[in-house]
Each structure stands twice: as structure tokens, then as C-alpha cells.
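> I need the structure of the sequence given here:
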Amino acid sequence: MLCSVAMKWLITGGCGFLGTAFVRRLAADGGHSVRVLDDLSVGSRGDLARARGFSETPMDGVARMDSESGAVELVVGDILDEGLALRVAEGADVVVHLAANTGVAPSVEDPRKDCLSNVVGTLNYLEAARHNGVGRFVLASSGAALGEVEPPLSEDLPPRPVSPYGASKLAGEAYLSAYFRTFGVETVALRFGNVYGPGSGRKNSAVAKFIRRAMNGEVLEIYGDGTQTRDFIYIDDLTEAVMNAATTEGVGGEIFQIATNHETSVEEMVEELKNALVEAGVKNTEVRKTSPRRGDVMRNYSDTSKAAEMLGWRSTVALPEGLRRTVEWFRSAG
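A predicted model of the protein is given here:
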């Protein structure tokens with residue numbers, strides 16, 4: 001492992017679900033200085049404050065990151081601002097690039113916006129890492145980069161993206177490979193499974209959306225017949241994978257599948273979720289099946305053996321327990 005004490009972290013998208021969870025993970029570890037770059041289009045100052053107290057710096061006041069232990073700083077800005085990217089990365093040891101246009105549906109509605117965010121935005125922060133001598137660059141990618149392939153998803157399968165989102169994530173991975181091989185930037189791409197967990201109140205993924213709807217007494221709508229499969233990973237497992245990707249030696253230029261290695265149909269997930277909802281006092285949840293969604297793949301789960309071997313990482317939270325914790329968080333937060 002690289003030194004995980006008193007490191008200086010730049011986290012793009014740090015006010016979002018993944019970002020605040022990782023800030024909380026760093027705070028628990030202790031000794032780190034953190035700079036968050038976020039445009040507040042999804043996450044908020046309040047979301048970050050619930051993870052860790054912070055100070056805010058205006059864009060024109062950004063200076064080289066100092067080493068003040070435990071400090072968290074917020075800079076509000078757009079990842080498409082390349083000048084800002086160069087300034088906020090100055091002095092950072094690690095860039096964790098989480099900011100992105102997320103999800104299949106938004107990419108189908110506006111492929112150009114998806115491309116700008118996920119390709120140009122990633123390029124801006126790779127350039128910032130290169131020019132500032134940043135030691136490690138970790139990208140939040142997705143299994144969608146592989147597309148419609150026979151699962152389990154693995155790093156050596158040829159990619160065939162189905163959605164514009166998958167294509168933009170694949171392009172980001174390609175730029176990481178190029179920056180490692182041409183410029184020596186130690187890049188690591190993590191293809192996340194379907195992430196869920198406490199703190200996902202603003203997230204529009206299946207688990208978070210279904211919990212919100214159930215608690216509001218609304219019908220849960222499954223796209224298609226419910227037999228499509230996903231690999232649902234709990235947020236704490238994911239943040240541990242990010243930490244390992246940022247601090248493990250000898251993994252520059254690599255791609256890792258980060259999921260649970262368990263194939264779960266959406267219908268099965270909903271049944272487990274209904275059990276967790278009943279335990280929390282939410283009963284008689286109605287489920288309805290609707291038309292399939294364009295760009296979705298039918299089967300999706302990952303082989304995580306490479307992450308186990310090279311990062312020393314495995315998921316530990318099973319779906320029933322993770323859903324129980326998530327429902328409890330929504331109940332408490334509501």
C-alpha cells in the first residue's frame with residue numbers, strides 16, 4: 001500500500017452520493033486533507049456537511065492544497081472549466097474523479113451532454129493530474145462500458161457499449177490508459193456495479209427510487225419483465241474499493257470490476273426490498289411492470305477476482321442486510 005496517512009485528496013463530485021460517502025470514509029481514517037469540486041447540480045452543501053464539516057473557497061481564491069490535517073474544502077465549479085481543473089488539482093496527491101453524467105436514461109435523452117461531462121470532463125482532470133504531478137488518478141467507471149456481453153463481466157472482455165453512457169465511460173477508460181502509457185499518470189478505472197446504500201436520497205437508481213416511492217405509498221414500476229439482472233453493491237464496500245485503488249502500489253493503468261460477483265434479477269431485488277420495507281413498517285407495496293427501457297442490458301454481474309488479487313478487496317455486505325440498512329436510513333432521514 002501507498003501511505004494512507006496525511007494524503008491530499010481532490011474529489012470531483014464530492015457532494016454526491018459516492019463523494020460524501022468517500023469523504024466520510026476519509027474522515028473516519030483520519031489525517032487527510034480533502035478538496036471537493038462540485039457544481040451542486042445533484043449534491044448539496046448540506047449533503048457534504050452531513051459527511052464532514054467544511055470551509056468553502058470561491059473559484060478565484062483557489063490556491064495550492066495545503067497539508068492541514070483533517071481539513072475539508074469545497075470549491076463550487078464545473079468539471080468542463082479546464083482552467084479551474086488545473087488550479088484545484090495543484091498540490092493533490094490523489095484525484096478521485098466521481099463527477100459525471102450518470103445513468104443510461106439521461107445519456108439516451110442527451111448524448112452530447114453525456115459526452116461532454118464524461119469524456120471532456122475526465123480529460124480536463126487527467127490534464128490537471130499530469131501538469132500537477134498528481135500521484136494517482138481514480139476514475140468512477142461502469143459495467144456499462146462493456147455493454148451487452150455474456151456475464152460475468154470481466155476486465156478482459158471486448159467492450160460493446162449499448163448506451164451513450166456506456167460509450168462515454170469507455171472513452172474515459174481509454175484516456176486513462178493513454179495517460180498512463182504516454183505520460184506516466186498512475187490511473188485506475190473502477191467499473192462499479194449498481195451502487196446503493198445510506199445517503200442515496202437524491203439518487204435516481206432503482207433501489208433509492210423504489211424506497212422513496214414505497215414510503216410515499218406509490219407503485220414501484222419495473223422496466224420490462226423483471227428478469228433483467230444486476231450486481232448490487234453496498235456503498236461502504238465501494239468506498240473501500242476506491243481507497244484500495246488509490247493506495248495500492250503497482251496498479252497503474254489497470255481496470256477493475258467492483259461489484260459483488262452475485263447475479264440478482266430486479267424482481268428478486270424488489271422481493272428482498274419488500275421484506276426490508278415490511279420490517280420498517282411499510283406494507284402492501286404494489287409493484288407494476290412496464291415497457292423495457294432503451295439502452296438497458298438484460299444481464300449484468302461481475303467477476304471481481306482481479307480486484308481481490310491485485311487490490312486485496314472483496315465485497316462484504318450481502319444484499320438483504322444492505323437493503324435493511326438503506327431502508328432504515330431513508331426512514332430516519334425522512
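
> Which residue ranges of this protein form strands?
8-12, 33-38, 55-56, 72-76, 94-97, 136-142, 187-192, 194-196, 220-223, 229-230, 232-234, 254-258, 264-265, 287-290 (DSSP state E).

> With mean pLDDT and distance to Val297 as extra columns, can I get those in TSV?
For the C-beta atoms, the positions are set from N, CA and C on the backbone; glycine is no exception. As requested, the strands of the chain are exported to TSV (pLDDT from 0 to 100; distance: least, Cβ to Cβ, whole Å):
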stretch	mean pLDDT	distance to Val297
strand 8-12	98	27
strand 33-38	98	29
strand 55-56	97	40
strand 72-76	97	35
strand 94-97	98	24
strand 136-142	98	11
strand 187-192	98	13
strand 194-196	96	12
strand 220-223	96	12
strand 229-230	95	9
strand 232-234	98	15
strand 254-258	98	15
strand 264-265	97	13
strand 287-290	95	17
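
> Now mean neighbour count and distance to Gly103 too, for the ones you listed, in CSV please.
What follows is the strands of the chain, written out as CSV (neighbours: other Cβ atoms under 10 Å; distance: least, Cβ to Cβ, whole Å):
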stretch, mean neighbour count, distance to Gly103
strand 8-12, 26, 17
strand 33-38, 28, 18
strand 55-56, 10, 28
strand 72-76, 20, 23
strand 94-97, 28, 17
strand 136-142, 28, 9
strand 187-192, 26, 12
strand 194-196, 24, 11
strand 220-223, 17, 13
strand 229-230, 22, 13
strand 232-234, 26, 15
strand 254-258, 24, 17
strand 264-265, 17, 19
strand 287-290, 12, 17
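
> Output those strands as TSV; include the columns distance to Val23.
Shown next, in TSV, are the strands of the chain (distance: least, Cβ to Cβ, whole Å):
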stretch	distance to Val23
strand 8-12	7
strand 33-38	6
strand 55-56	13
strand 72-76	6
strand 94-97	10
strand 136-142	14
strand 187-192	17
strand 194-196	16
strand 220-223	31
strand 229-230	26
strand 232-234	17
strand 254-258	18
strand 264-265	28
strand 287-290	35
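
> The residue nearest to Ala99 when sequence neighbours are not counted: neighbour count?
Leaving aside its chain neighbours, Ala99 sits nearest to Gly13 (3.3 Å; criterion: Cβ to Cβ, 6 or more residues apart in numbering). Neighbourhood size, Gly13 [other Cβ atoms under 10 Å]: 26.

> Gly13 touches Ala21, doesn't it?
No: in this structure Gly13 lies outside contact range of Ala21 using Cβ atoms under 8 Å: 11.4 Å.

> residues in contact with Tyr125?
Tyr125 is in contact with 12, 79, 85, 89, 95, 97, 137, counting by Cβ atoms under 8 Å, 6 or more residues apart in numbering.
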